[in-house]
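In: What would the 3D arrangement of this be:
(chains A and B)
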Amino acid sequence: MEVNVEIAKSLGLLEEEYNKIISTLGRIPTFTELSIYSVMWSEHCSYKNSIAELKKLPRSGGKLLVSAGEENAGLIDIGDGLAVAFKIESHNHPSAVEPFQGAATGVGGILRDIFTMGARPVAALNSLRFGNITKKSESDSKEITERSKFLFEKVVEGIGHYGNCFGVPTISGEVYFEECYQDNPLVNAMAVGIVKHDETATAAASGTGNPVFIVGSSTGKDGIHGATFASEEISEESESKRPNVQVGDPFTEKLLLEATLEIIKSGIVVGIQDMGAAGITCSTSEMSAKGNCGMKINLNDVPLRDSNMSAFEIMLSESQERMLVVVKKGEENKAIQIFKKWDLNCVQIGEVIDEPNVKIYFDDELVADIPAKSLVLGGDAPVYIREKKIPEYLNEKNNFDFDKISLPDSFNITLLKLLSSPNITNKNWVYRQYDTQVRTNTIVLPGCDSSVIRIKGTDKALAMKVDCNSKYVYLNPYKGGMIAVSECARNVVCSGGKPLGITNCLNFGNPYNPEVYYQFSEALRGMGDACKKFDTPVTGGNVSFYNQSKDYAVFPTPTIGIIGLIENIKNIKTSYFKNEGDIIILIGNQNSNELGGSEYINHLHNLVTGDAPDIDLEFETNLQNTLLELINADLINSAHDVSDGGLSVALAECSVMNREKLLGCEVNINLKFRKDAEYFGETQSRVIISCNKNSVKKIFETADKFSMNAEQIGIVTGDRIKINNDIDLDVNDIYTKYYHSLETVMNS
Amino acid sequence: MIAKVGVVVFPGSNCDHDAYYVCKNLINVDTKFLWHKDTSIEDRNIIIIPGGFSYGDYLRCGAIARFSGIMPEVIRFANNGGIVIGICNGFQILCEAGLLPGALLRNNNLKFVCDTVSLKVENNKSIFTGLYDIKEDIKIPIAHGEGNFYCDENVHTDLLSKNQILFRYNNNPNGSLDDIAGIQNEKRNVMGMMPHPERASDITLGLTDGYKLFKSVVESVV
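Out: Purely as a prediction, here's the structure:
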């Protein structure tokens, strides 16, 4: 096929990028080469529109062993000779057109990123967003809500299918529903693994003459150009891209896991990388570039599912459950035996060469001959600094006059409505479909502030959470970015974990839209400031642009995944009230006069407006340190972050979160501001704790030491939730709304 | 005689380590993994077929695993009175292998379900349940998509008349016939159950009602 600029454009390259390829190679590329550049320089692989901003995030410090971008996933030291590997990634576009497989392969991809590091996956998490599943406004037709329910149902099934079969507990997550995600749902999957320091593997190739193996599944025609698909907007034509979506096989992945850990442990692996986006292309070029070497690859040796495949199809296939492994020369048989034991392919397809180029042969012809470094991030892949512009909507939204919103007639009814809002109500309908306990490590199941797994053979445990309130980021990208990290950190702190580091999945609209790019840049600035303050470096993650449909973008959604270390399992805390007669204390920010971005305004008035709540990072740090000290001194019985739905929803959750033991409360709040802001506003940096009467004095002393506000607001008692003279509800009614609302919507 | 446990590992088993951990670290008995390609169960006198998705549960749960290399040996062992425990996928495999009657269909709501459920001990005269009280209510987690026990009327009559039902669900989560959660064979040396006792054996995780099952079996070997 003759190659020209038009063909380059049809593959998604810009004219300037096409010219750059010609000058790099000193000639016109072959079609296979052009295809390779088009995927490697796609946003998905090259981060060309985001890397300049990403560099503003703190990528070192803390207990980081391997930093962002260096390996398949970041690695953090947790003592006892162990490290934790964790990462989050998006699978948004595949899930939009084929929700079951799209979500399933999202889980598969992120698990491979973890076990290619040598780490055994110990937990999976996910963050999901869809359009409205209940009618919120006139524009929510039955067709639209049913479609969103369909996507939601199939995505959950896909995640469950893959994780359950693979044998990793899916222990935490979040689900939100907003109109802006209607055509473009967000499916972010996170995985966490544990590895001994001396059993980690690298993704760099090295050693001239070392054999290069492809292992795992055979290569088929699925997922060709998946990376390019991820780097464009969803449109009417996207449905036709369904063949670009890969099909997952969790059974093969489970075998690949065991074989991979076994070969890494055997000490014969030089380098190993998962084949995700852009398959053989990406793994050969990235491993070569990282190791300052090249590779000679013969595509005729690649095991195929379909004998009728061309060179570029083999190069770009995104067939799942495959890895590229460079093994020490002379150890070929050992490698083959290990994979044979697990009934998996292990075929040598080339070798490491002492040249800077990746050389691809097919039918004895050299079909691609490209300098590895010219393809990759950090090499010659393009880097763009995009134009930013303050979004027009911001001024109007931020200056919204909440006096226009009248107080609700009944706070009882409002609270029950909020507890049944799909965004707040308990997500048991979702996590009952996930195996949350396989591997018998899960101590705190989904539903609490964060979920906790123990580490067998130690006294330690890990608290983990994914979180992002995208309404805040939409209303104030900088503050929203800070809050996303702060809230996530606060959640693991409430469980007793000290935050170690974060991974992020940055879901935004089209970066060529200056308003979207402003959101991106500002959200990152906020995240970066928070991460620096908490000493939680960013260990890696992924950027997903082009999340939009028709003429609007999704809310900017920088999903944060966080890991917290609990040194002793004795110090694990849960969110719910424990004993009749315990004292309830509200600790933290007392300026509770904020309604902006709240779920109360969203759910009852169908408005996402105002400014995001304020956040003071110094204050937040003190709050978290106070809580950790209280927990480690065994002074409190529960801790729960005040978030979506405000103080009254948080108190209701504390009352019913332990389904075995519902406990009411009597609370008196010293009202300073309008009542709906006091009860339902989402002012940041607040936590509800409960404690034994005898601990109250010590708790106030500890709070004082950190200059932290603490206020005794009530007592755990009876079977009703009473707040001032405004709210008085039976815990059983709260229970019903909180646990059955989502199920009712999904079964209707 | 002392108890020697063998946990069979099929490709796709994923509760193998959990069963191993309980036997080895909590009950403190000699425990070993047995590879599905092996053709001997060595010196083991208790065999556990663990949960998971053997062979991906492709075709039908347990349908491929029953043809695995080690299964003729397990069947021979069982037919000679050897103790075999099938948990979740292991229960499905034992039904497919003909060591236990009945079959496990898809849950009646067609969804995978993971939860902690309440069971009633219906028979405490078996080697598997000897340490429980009769009609004791116990809490054990479940995690399955195909746990809906089914058998024909004749088999059901037999199960009842021969006291083969070991556990019933107090709130049936999957549509199982007669709320059946676990059964034993007529010779009382092979049992299968959908709930996971190995997930309820460690105080650190909160539930301990499963511990007595493993302890009962181990103590029965004397």
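
In: Which residues of the stretch 351-500 of chain A lie near chain B?
Out: Within the stretch 351-500 of chain A, the positions adjacent to chain B are A:431-443, A:454, A:456 by Cβ under 8 Å from any Cβ of the partner chain. Yep, even glycine has a C-beta here, placed from its N, CA and C like the rest.

In: Closest one of those to A:Lys578?
Out: Nearest to A:Lys578 among those, counting by Cβ to Cβ, is A:Ile443 at 15.8 Å.

In: So which residues make contact with the helix or strand harbouring that closest one?
Out: Assessed by DSSP states H and E, A:Ile443 sits inside strand A:442-444. Contacts to strand A:442-444, defined as Cβ atoms under 8 Å, 6 or more residues apart in numbering or on different chains, come from residues A:123, A:169, A:171, A:436, A:450-454, A:461, A:463, A:495, A:569, A:572, A:574, B:204-206.

In: Of the residues you listed, grab the buried ones for PyMOL.
Out: Buried residues among these (16 or more other Cβ atoms under 10 Å in any protein chain shown), as a PyMOL selection:
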select buried, (chain A and resi 123+169+171+436+450+451+452+453+454+461+463+495+569+572+574) or (chain B and resi 205)
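
In: from what I can see A:Asn357 touches A:Lys373, true?
Out: No. A:Asn357 lies out of contact with A:Lys373 (Cβ atoms under 8 Å); the separation is 9.5 Å.

In: ok, now how distant is the residue in the stretch 51-200 of chain A positioned nearest to chain B from A:Pro408?
Out: Relative to chain B, the nearest point of the stretch 51-200 of chain A is A:Gly167 (2.6 Å; Cβ to the nearest Cβ). Distance from A:Gly167 to A:Pro408, counting by Cβ to Cβ, to the nearest Å: 47 Å.

In: more neighbours, the two?
Out: Taking other Cβ atoms under 10 Å in any protein chain shown, A:Gly167 and A:Pro408 do not tie; A:Gly167 has more neighbours (24 against 18).

In: A:Gly158: which element?
Out: If you go by DSSP H and E, A:Gly158 is part of helix A:142-166.

In: So what's the gap between the helix or strand that that helix is followed by and the chain middle?
Out: Per DSSP H and E, the first helix or strand lying C-terminal to helix A:142-166 is strand A:170-177. Distance of strand A:170-177 from the chain centroid (Cα atoms, centre = their mean, to the nearest Å) equals 10 Å.

In: Could you list the buried residues of the very next helix or strand once past strand A:170-177?
Out: Downstream of strand A:170-177, the next assigned helix or strand under DSSP H and E is strand A:186-196. Residues of strand A:186-196 classed as buried: A:186-195 (neighbour count, 16+ other Cβ under 10 Å).

In: what's the answer for stretch A:559-570, then?
Out: Residues of stretch A:559-570 classed as buried by neighbour count (16+ other Cβ under 10 Å): A:559-567, A:569.

In: Out of those, which is nearest to chain B?
Out: Nearest to chain B, judged by Cβ to the nearest Cβ, of these is A:Ile569 at 6.5 Å.

In: these two touch, right, the closest one and A:Ala463?
Out: No. With contact defined as Cβ under 8 Å, A:Ile569 does not count as touching A:Ala463 (11.0 Å).

In: thinking again about what came up before, can you pull the buried residues of the helix holding A:Gly158?
Out: A:144-145, A:147-149, A:151-166.

In: again with stretch A:33-47
Out: Using 16+ other Cβ under 10 Å as the test for burial, stretch A:33-47 gives A:33-47.

In: looking at chain A, which helix or strand does the model trust least?
Out: Across the helices and strands of chain A, mean confidence by mean pLDDT, DSSP states H and E is lowest for helix A:226-229: a mean of 65.

In: do whichever helix or strand comes after it and chain B meet?
Out: Using DSSP H and E, the helix or strand that follows helix A:226-229 in sequence is helix A:250-265. Yes. Legend: contact between helix A:250-265 and chain B by Cβ under 8 Å from any Cβ is shown at A:250-252, A:254-255.

In: which one among those gets closest to chain B?
Out: Nearest to chain B among the residues of helix A:250-265 next to chain B: A:Phe251, at 2.9 Å, using Cβ to the nearest Cβ.

In: quick one, what contacts that closest one?
Out: Counting by Cβ under 8 Å, 6+ apart, A:Phe251 touches A:165, B:11-12, B:53, B:55-58.

In: how close does it sit to A:Cys346?
Out: For A:Phe251, the distance to A:Cys346 equals 17 Å [Cβ to Cβ].

In: which parts of chain B sit against chain A?
Out: Contacts of chain B with chain A, taken as Cβ under 8 Å from any Cβ, map to B:11-12, B:14-15, B:17-18, B:21-22, B:51-53, B:55-58, B:111-115, B:141, B:143, B:145, B:196, B:198-199, B:202, B:204-206.

In: Can you list which of the residues you listed are found in strands?
Out: Residues of the residues of chain B next to chain A located in strands (DSSP state E): B:113-115, B:141, B:143.

In: Which single one of these is nearest to A:Lys533?
Out: Nearest to A:Lys533 out of those is B:Cys114 (Cβ to Cβ; 37.4 Å).

In: re earlier: give me the buried subset of the residues of chain B next to chain A.
Out: For the residues of chain B next to chain A, buried by 16+ other Cβ under 10 Å: B:11-12, B:14-15, B:17-18, B:21-22, B:51-53, B:55-57, B:111-115, B:141, B:143, B:145, B:196, B:198-199, B:202, B:205.

In: neighbours of residue 28, just the number please.
Out: Because you didn't say which chain, this covers chain A. A:Ile28 sits with 13 neighbouring residues when counted by other Cβ under 10 Å.

In: wrong one, I was asking about chain B
Out: When neighbours are counted by other Cβ under 10 Å, B:Asn28 registers 9.

In: how far away is it from B:Leu34?
Out: In terms of Cβ to Cβ, B:Asn28 sits 20 Å off from B:Leu34.

In: ranges for the strands of chain B?
Out: Ranges of strands in chain B, per DSSP E, are B:4-9, B:30-35, B:46-49, B:83-87, B:103-105, B:113-121, B:137-144, B:148-150, B:165-169, B:180-184, B:190-193.
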